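Visitor: Got a predicted structure here, sequence first:
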Amino acid sequence: MRVLSIQSHVAYGHVGNSAAVFPLQRLGHEVWPVLTVNFSNHTGYGAWRGPLIAADDVRDVVTGIGERGAFATCDAVLSGYQGSPEIADVIVDAVARVKAANPAATYTCDPVMGNATSGCFVNPAIPPKYRSTVIPVADVLTPNQFELGFITDNDALSGASPLEDVLAAADEVRALGPATVLVTSVVREGAPEDVIEMLAVTGEGAWLVTTPRLPMKANGSGDITAALFTAHLHETGSAAEALARTASSVFAVLKETLDSGERELRLIAAQDAIASPAREFEVTQVR
């Protein structure tokens, strides 16, 4: 698989393309990273250096890749943190150009906006652009539960919610365009407090996987999740299998990070679990 990945980049640590590129490569895929920001570190530290990349500059990089004739061989477009609302138009244009060259290509959108702990942490102009411009052209959408609630104007999803409500919100988003929705950081009403879940929803069904909740906050975990799910879905054609493999690898990365005492994801140390997922967590069909 060949992936055009339009995301942020940090020199220190692993978020955005710095979290997505290596796992995809470790699975044997070719990745063309296009940067939306070039920061020293992720913004969770409260201080960082480096530039937001202007939308026209991002577009130029994408155009240059297209001028090499690469779009015809591109299997997937992946986007994450955008940096500015203007990037949305660049991404939509890139998706259109790739699909014109290869109609079988897919687009995965990770709508990075915030989480239940921090709230919405992006430019306020970005969320409306997701709904109006980006999500309608996506094939796969990978919001966390908070972002799913933000997209669907359902504030209740910022806390523990009935599974039926999460499924209904996923269906509402699917009606906007994406065939597949992967909801991460699901906090399901009635589930044990020491677990965290992910939910994959397609037109064929819905599947839930449960993993232990680790006592940590891991910046970049959503970015690696979107990348791995895209790769495994492309390879297997099965949302359930992609969910199982992704959950296994992401949990292994997080456990390695927790055990190390480090703040940044231990992608290199956990690379074998990325390349060969153990699939130790059962996936349950819930619809």
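Guide: Arrived safely.

Visitor: how about the helices of this protein, start to end?
Guide: 17-26, 55-67, 86-101, 126-129, 145-151, 163-174, 221-236, 239-260, 271-275 (DSSP state H).

Visitor: Just the buried residues of the longest one, please?
Guide: It refers to helix 239-260. Using 16 or more other CB atoms under 10 Å as the test for burial, helix 239-260 gives 239-257. In this view, the C-beta of every residue, glycine as well, is placed from N, C-alpha and C.

Visitor: next one: the third one
Guide: Of the residues in helix 86-101, those scored as buried under the neighbour-count criterion (16+ other CB under 10 Å) are 86-88, 90-92, 94-95, 97-99.

Visitor: Let me know the average pLDDT across it.
Guide: For helix 86-101, the mean per-residue pLDDT is 97.

Visitor: Distance to residue 286 added to the helices of the chain, as a markdown table?
Guide: As requested, those are arranged in a markdown table below (distance: least, CB to CB, whole Å):
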| stretch | distance to residue 286 |
| --- | --- |
| helix 17-26 | 27 |
| helix 55-67 | 38 |
| helix 86-101 | 30 |
| helix 126-129 | 28 |
| helix 145-151 | 15 |
| helix 163-174 | 6 |
| helix 221-236 | 17 |
| helix 239-260 | 11 |
| helix 271-275 | 26 |
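
Visitor: Pick out the shakiest of those helices, pLDDT-wise.
Guide: helix 126-129 (a mean of 81).

Visitor: Which residues does that helix contact?
Guide: With CB atoms under 8 Å, 6 or more residues apart in numbering as the test, helix 126-129 has contacts from 82, 84-85, 88, 111, 113, 120, 150-151.

Visitor: List buried residues within these.
Guide: Among the contacts of helix 126-129, those scoring as buried are 82, 84-85, 88, 111, 113, 150-151 (criterion: 16+ other CB under 10 Å).

Visitor: Which member of those residues is positioned nearest residue 66?
Guide: Comparing the buried ones among the contacts of helix 126-129 against residue 66 with CB to CB places residue 88 closest, at 18.6 Å.

Visitor: How confident was the prediction at the nearest residue to residue 174 once chain neighbours are set aside?
Guide: Once flanking residues are discounted, residue 174 sits nearest to residue 181: 5.7 Å by CB to CB, 6 or more residues apart in numbering. pLDDT, residue 181: 98.
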